[in-house]
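In: Structure here, sequence nowhere to be found:
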C-alpha cells in the first residue's frame, strides 16, 4: 500500500488525526510490506463492545485510510441478538437524527496507531476505527469517540487515566458447532461444548499444565499483536482462566480489552475451541467470571495522583475524592460495568464479588479494593464491579466521570469496611432492569454523557430486557408446570 498525499482527504479536511496519528500512518506502508499483508480489517467497537466492520483489499484499504470506509448506520440500532430495535425507516430513523434515517451510511475512520498484523490470519492486518458522519462530525453513539471526549476533558484538568486489566473467562472444547439451518436465528443455538479442565484447583500447577497448550497458544498470538500480557492463570471454576495485562494510559487499556476479547474468541474458534466472556455460563459447577479494573490518575509531572504523602493515609485527597465518586455513582454506573442480564447473577454476598457500594483496603469482598499506601507509586483502586462482557469504553468513561465528580464535590468515602458484606451501604442493582432504571433516572450521567446518549443506551438495553421477559425459562417450567 502506498502512502499518498492526504491534503485533500476526509481526514485532513476535518482534522481527525493528531500529528502522532499522522506519524503512525506514515509507518503503515512499511508494516504492510514487512508482514506481506493482502487485506486489512477495518473495525469499530459498537455499543455492546463488539467489533464490527469490513475487510478491504489492499488497494481499497489505501483509499479508506485517507477517506474512511462506509458502513450502514443501522449497526447502531442493534441489540445483543443483532436485531435492529430502532425504527430506522421512520423520520429520524428512531434516533431523532436525519443523518441516520433509512439505514444511511456513516464512515469508519481508522486510528493508525492501532494498526497491527493478525498472527492467526496470515496476510491480514487489523485497525480500529472511529465513526463519523459525512460532514466530519462524530456519531454520538460511537462509544470509542465518547471515551475519547472524556479523556480530553480529563487531560484539560491536568491528568491522564491509567488502567490495568484483570479478566476472567472460559474456554471450552467444541463438541458440536450446531450448524443445522434450524439452529440459526437471532440469536441462534449456542455450540455444544465440553470442559478443558475439571476446575476447583485454583492456581494449581497440575491444572495449569493441562491447559498450557491452549494458554500458550493464546499468549503467543496476543503478544505478537503487541498486547501487554502480564500473567496467565487457572481460575477457580472448570475451564475458567484469567489473563492480566500491564497498566496502560488513555485509549490503550480499552483498545487492549476489545482486541483481547476478539482475538481470544477468533484464535480459539480456529482450533476447535469456544471461548466465552459471558459472566456465568449455564453449566453444572460453573463459577462466575469478573473483570477487575485497576485504575489511577497520572498527574502532569508523571506522578501517581492517588499516592498519599502522609503515613496515616492510604490515599491522597485526590484519590479519596475519586473513590468517593465511584461509590456515590455506583448504582447508576453499574449498567456500564455489568451490561448483561446474566452478569447480575454474580453479585452475591460472601462470593468474592460485591453486592453493595463499599470500599476496603485490600479486601476482595468490597466493590472497591484499595491497593498501595503512603508514597507507593502503584497506589490504585480496583473496581470489582465489572463483568468481562462490558464495553470497555463505557466502563472506563463512567469511572472517570464518577471519580472526577467525587473530586469536584470533595466527597468523603468513609472508613474502610473490614467486613464488607455486613456493613450498611447502598446495595448494588440486583438485575439489569434495576441498573438500567438507575441510569435512566440519574441526573449526573445525563449531564455528563448527554441526554441523547443515555436515552439511546437505555432504549437499546430495555429492548434486550423485553425479549428476555417474553421467554419461558427452565426455572419457570420447573417451578410452575407441575404444582399448578
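Out: Structure's in. What do you need? What you are looking at is a predicted structure, and each value in this text was computed from that prediction instead of being measured. Numbers count the residues shown, from 1 in each chain.

In: Correct me if wrong: residue 43 contacts residue 52.
Out: Yes: counting by Cβ atoms under 8 Å, residue 43 touches residue 52, with 6.6 Å between them. (Glycine included, C-beta is placed from N, CA and C.)

In: Report how many residues lie close to the nearest residue to residue 364 once chain neighbours are set aside.
Out: Sequence neighbours aside, residue 352 is the residue nearest to residue 364 in space, at 5.3 Å (criterion: Cβ to Cβ, 6 or more residues apart in numbering). For residue 352, the neighbour count with other Cβ atoms under 10 Å is 13.

In: Distance-wise, check residue 352 relative to residue 367.
Out: Here residue 352 is placed at a distance of 12 Å from residue 367 (Cβ to Cβ, to the nearest Å).

In: and what of residue 162?
Out: For residue 162, the distance to residue 367 - Cβ to Cβ - is 20 Å.

In: re earlier: who has more neighbours out of residue 43 and residue 52?
Out: residue 43 (23 against 19).

In: coming back round to it: just to be sure, the residue nearest to residue 364 is in a strand?
Out: No: counting by DSSP: H, G, I helix; E, B strand; the rest coil, residue 352 is located in no strand; its state is coil.

In: Just to check, it is in contact with residue 363?
Out: No: the criterion here is Cβ under 8 Å, and residue 352 misses it with residue 363 at 10.3 Å.

In: contact partners of the least confident helix or strand in the chain by mean pLDDT?
Out: Sorting the helices and strands of the chain by mean pLDDT, DSSP states H and E puts helix 474-480 at the bottom, at a mean of 90. Helix 474-480 has contacts (Cβ atoms under 8 Å, 6 or more residues apart in numbering) with no other residue.

In: any weak-confidence spans in this structure?
Out: 1-7 (pLDDT under 70).

In: residue contacts, the residue nearest in space to the middle of the chain?
Out: Nearest to the geometric centre of the chain sits residue 392, at 2.3 Å (Cα atoms, centre = their mean). Residue 392 sits next to 45, 49, 253-254, 257-258 when contact means Cβ under 8 Å, 6+ apart.

In: and if you look at residue 23?
Out: Neighbours of residue 23 in contact, by Cβ under 8 Å, 6+ apart: none.

In: Same question for residue 65.
Out: Per Cβ under 8 Å, 6+ apart, neighbours of residue 65: 1, 25, 28, 110, 112.

In: neighbour-wise, which of the residues you listed leads?
Out: Neighbour max across the contacts of residue 65 (other Cβ under 10 Å) = residue 110, 30 neighbours.

In: Just to check, it is in contact with residue 131?
Out: No: contact between residue 110 and residue 131 fails when scored by Cβ under 8 Å: they sit 10.9 Å apart.

In: Could you give me the buried positions within the longest strand along the chain?
Out: Using DSSP state E, we find that the single longest strand of the chain is strand 159-176. Using 16 or more other Cβ atoms under 10 Å as the test for burial, strand 159-176 gives 159-172, 174.

In: go on, stretch 61-68?
Out: 61-62, 64-68.

In: And the furthest pair within the residues you listed?
Out: Pairwise distances across those peak at 12.5 Å for 62 and 68 (criterion: Cβ to Cβ).

In: residues near the residue lying closest to residue 258 once chain neighbours are set aside, how many?
Out: Nearest residue to residue 258, sequence neighbours excluded (Cβ to Cβ, 6+ apart): residue 45, at 5.1 Å. Using other Cβ under 10 Å, residue 45 has 29 other residues around it.

In: In contact with residue 45, which residues?
Out: Here residue 45 is in contact with 51, 128, 143-144, 258, 391-393 (Cβ under 8 Å, 6+ apart).

In: Who does it form a beta bridge with?
Out: For residue 45, the beta-bridge partners are residue 51 (DSSP bridges).

In: Residue 166 pairs with what?
Out: residue 244, residue 292.

In: Hmm, it is touching residue 242, no?
Out: Yes: at 6.7 Å, residue 166 counts as touching residue 242 under the criterion of Cβ under 8 Å.

In: in the stretch 101-250 of the chain, which spans are helices?
Out: Remark: helices assigned in the stretch 101-250 of the chain by DSSP state H, counting those that start in this stretch are 143-156, 205-224.

In: Let me know which of those is tucked in deepest.
Out: Burial of the helices of the stretch 101-250 of the chain is given as mean neighbour count (mean count of other Cβ atoms under 10 Å); helix 143-156 ranks first at a mean of 18.

In: That one versus strand 159-176: what angle between them?
Out: 160 degrees (axes from the mean of the first three to the mean of the last three Cα atoms, to 10 degrees).

In: which residues touch residue 386?
Out: By Cβ under 8 Å, 6+ apart, the neighbours of residue 386 are 290-293, 337-338, 395.

In: Among the residues you listed, which one lies nearest to residue 79?
Out: Using Cβ to Cβ, the contacts of residue 386 come closest to residue 79 at residue 338, 16.4 Å.

In: Wait, the closest one touches residue 354, no?
Out: No: between residue 338 and residue 354 there is no contact under Cβ under 8 Å: 10.3 Å.

In: and for those two, which residues touch both?
Out: In contact with both residue 338 and residue 354: 347, 385, using Cβ under 8 Å, 6+ apart.
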